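Asker: Model the following, please.
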Amino acid sequence: MSEIDENNALTEESEQTANTESADGILPEQTAKTESADEISRDGEVQSEESAPAEAAETEKAEATKKKINIKLPRGLKNLFTKGISSRELKNYEHTPPTEQELKENILIADHIKQYFSIENNIISQPIRFLKAVDDVSLRVPYGKTVGIVGESGCGKTTLGRTILGLYRKTAGEVYFDGKNITDYTNHQMNSIRTDMQVIFQDPYSSLSPRFSIGSIIGEGVAVHKIVPKKDIKDYVINIMTRCGLQPQHYERYPYEFSGGQRQRICIARALAINPKFIVCDEPVSALDVSIQAQILNLLKELQIERNIAYMFISHDLSVVQHISDSVGVMYLGSMVESGPTDSIFYEPMHPYTRSLLSAVPVPDPRRKSDRVILSGSIPSPANPPSGCRFHTRCPECMEICTNERPVFKEYKKGHFCACHLYSQD
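Answerer: Numbers count the residues shown, from 1 in each chain. Okay, here's the model as predicted:
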């Protein structure tokens, strides 16, 4: 076949192909448009596929912000972020100021005293756990009278006395002394009334400086507060020492040269030397012999009559408290459970704890059998006191309400207060 014939054959095939496509209804121009539309749709799909993960990520972030982060921390570290208790919340209590008549009759009025010691703080030094040494205690000490405070070791007797004197900065409560509200007194303001309130410490060994002679220890307060002229200080101190059972030659001696009973007499002489109106006697005769105890108790009574001194007498010896006190308060685990006149407390006790304490007093009669009330268990920790009545874990007369509700410290007889569900709480 020649070249001309081949070219004609190719031309005929191309014409036939074009006719076939036109017969199917698809034109070349439409094909181009279709291809361009497909490309646009594919671009849109690609863009939508790319934007979907971004939108999902934003949604997840939004949901994450709404959810609280729950991180498991060790208990010790978690407590650092626990909300603490502010001093304002601790002082939030109802307080009724004493009447003018109460201020005239009582040299000391303590209302709703709380003394908490922080044992655990959070990250911003707010306390989250407390040791409640004294919890909501109220007390009245009349002029020239003695109020005895009794209770087991660790119940808060000494802490109450130190808090009232301002040696501890109280957590909450109001204190009135000699007609004045000294609740918010600064250290400088407290110095002005230090001559009117004194303390006889429980431990005569640690409360006396070994570097000073006895004359210097007793005479220091006399000199600072100018009780007598400087030239008369030695004679004045020797006179006080003699009245407390010490000898004049003891003036130049040092504490290590004395026995425990003699050291306690030195502490008593130091407290009496500046003519106070109120003295916290923290176990003042516990370290003395029986004969010396009688001398010191009689001395305290004589000075009380002579100078109209009021005492807050803390002791474990119920017979001594009965002898010297005009009224008695019974404490248990930082709280006052009963208080009243001495005869009423000793002969008509209301609270089960008071009855158990009195049953432990030995009776000097071998023919008389005492009805001993034995308590089960031990004293709970003041850092984790039981709910309701704090005595219910050991009380032989415990009821269901005792485990849930704290009893009201209420007056049932004239001057006789008690906190117990055995009696009406209305």
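Asker: For Leu357, give me its contacts.
Answerer: With contact taken as Cβ atoms under 8 Å, 6 or more residues apart in numbering, Leu357 is in contact with 150-151, 318, 330. In short, each C-beta sits where N, CA and C put it, glycine included.
Asker: Any stretches of the chain with poor pLDDT?
Answerer: Scanning the chain for pLDDT under 70 picks out 1-94, 370.
Asker: Give me the residue at the spatial middle of it.
Answerer: Tyr116 (1.3 Å; Cα atoms, centre = their mean).
Asker: Glu102: which of the contacts of Leu357 is nearest?
Answerer: Among those, Val330 lies closest to Glu102 (Cβ to Cβ), at 21.8 Å.
Asker: does that closest one belong to a helix or a strand, and which?
Answerer: strand 327-332 (DSSP states H and E).
Asker: for that strand, packing partners?
Answerer: strand 146-150, strand 335-341, helix 342-347, helix 352-359 (3 or more Cβ pairs under 8 Å, 6 or more residues apart in numbering; DSSP states H and E).
Asker: Kindly present the contacts of Leu357 as TSV, with separate columns for distance to Ala133 and neighbour count.
Answerer: Shown next, in TSV, are the contacts of Leu357 (distance: Cβ to Cβ, whole Å; neighbours: other Cβ atoms under 10 Å):
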residue	distance to Ala133	neighbour count
Val150	17	25
Gly151	12	25
Leu318	22	18
Val330	17	25
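Asker: Helices of the stretch 151-300 of the chain, start to end?
Answerer: Here the stretch 151-300 of the chain has its helices, by DSSP state H, counting those that start in this stretch, at 157-165, 187-191, 214-224, 233-243, 260-272, 290-307.
Asker: closest one to Phe177 among those?
Answerer: Per Cβ to Cβ, nearest to Phe177 of the helices of the stretch 151-300 of the chain: helix 157-165, 8.5 Å.
Asker: what residues does that closest one touch?
Answerer: Helix 157-165 is contacted from outside by 108, 110, 113, 115, 133-134, 137, 139, 149-151, 168, 170, 173, 175, 197, 199, 202, 280, 282, 312, 314, 331, using Cβ under 8 Å, 6+ apart.
Asker: List the contacts of Leu300.
Answerer: Contacts of Leu300 (Cβ under 8 Å, 6+ apart): 268, 281, 284, 311, 324.
Asker: residues near the nearest residue to the fourth one once chain neighbours are set aside, how many?
Answerer: To tie it back to what came earlier, the one meant is Tyr311. In this structure, Tyr311 finds its nearest non-sequential neighbour in Thr146, 4.2 Å apart by Cβ to Cβ, 6 or more residues apart in numbering. Applying other Cβ atoms under 10 Å, we find 24 residues neighbouring Thr146.
Asker: repeat for Tyr185
Answerer: If we define neighbours as other Cβ under 10 Å, then Tyr185 has 16 of them.
Asker: Next up, the contacts around it.
Answerer: 166, 193.
Asker: Quick check: it vs Pro210, distance?
Answerer: Applying Cβ to Cβ, to the nearest Å, the value for Tyr185 to Pro210 is 32 Å.
Asker: How about Ala223?
Answerer: 20 Å.
Asker: what comes into contact with stretch 187-202?
Answerer: So stretch 187-202 is contacted by 158, 161-162, 165-167, 177-178, 180, 182, 185, 207, 221, 225, 227, 264, 267-268, 271-272, 274-284, 286, 314 (Cβ under 8 Å, 6+ apart).
Asker: Who is Phe177 paired with across the strands?
Answerer: Leu108, Lys180 (DSSP bridges).
Asker: Might you report the residue contacts of it?
Answerer: Here Phe177 is in contact with 107-109, 193, 196-197, 278 (Cβ under 8 Å, 6+ apart).
Asker: Now do the same contact list for Gly148.
Answerer: 313-315, 321-322, 324-325, 327-329, 342.
Asker: Oh, that last question was meant for Ala360, not what I typed.
Answerer: 372-373.
Asker: tally of neighbours for the closest residue to Tyr251 other than its chain neighbours?
Answerer: Spatial nearest neighbour of Tyr251, excluding adjacent residues (Cβ to Cβ, 6+ apart): Gly215 at 4.0 Å. When neighbours are counted by other Cβ under 10 Å, Gly215 registers 18.
Asker: if I pick Gly215, what's in contact with it?
Answerer: Gly215 neighbours (Cβ under 8 Å, 6+ apart): 234, 237-238, 251-252.
Asker: one more time with 10 Å
Answerer: 233-234, 237-238, 241, 248, 250-253 (Cβ atoms under 10 Å, 6 or more residues apart in numbering).
Asker: do the same with Tyr353
Answerer: The contact partners of Tyr353, by Cβ under 10 Å, 6+ apart, come to 151-152, 155, 330-333, 337-338, 373, 375, 389-391, 394-395, 419-420.
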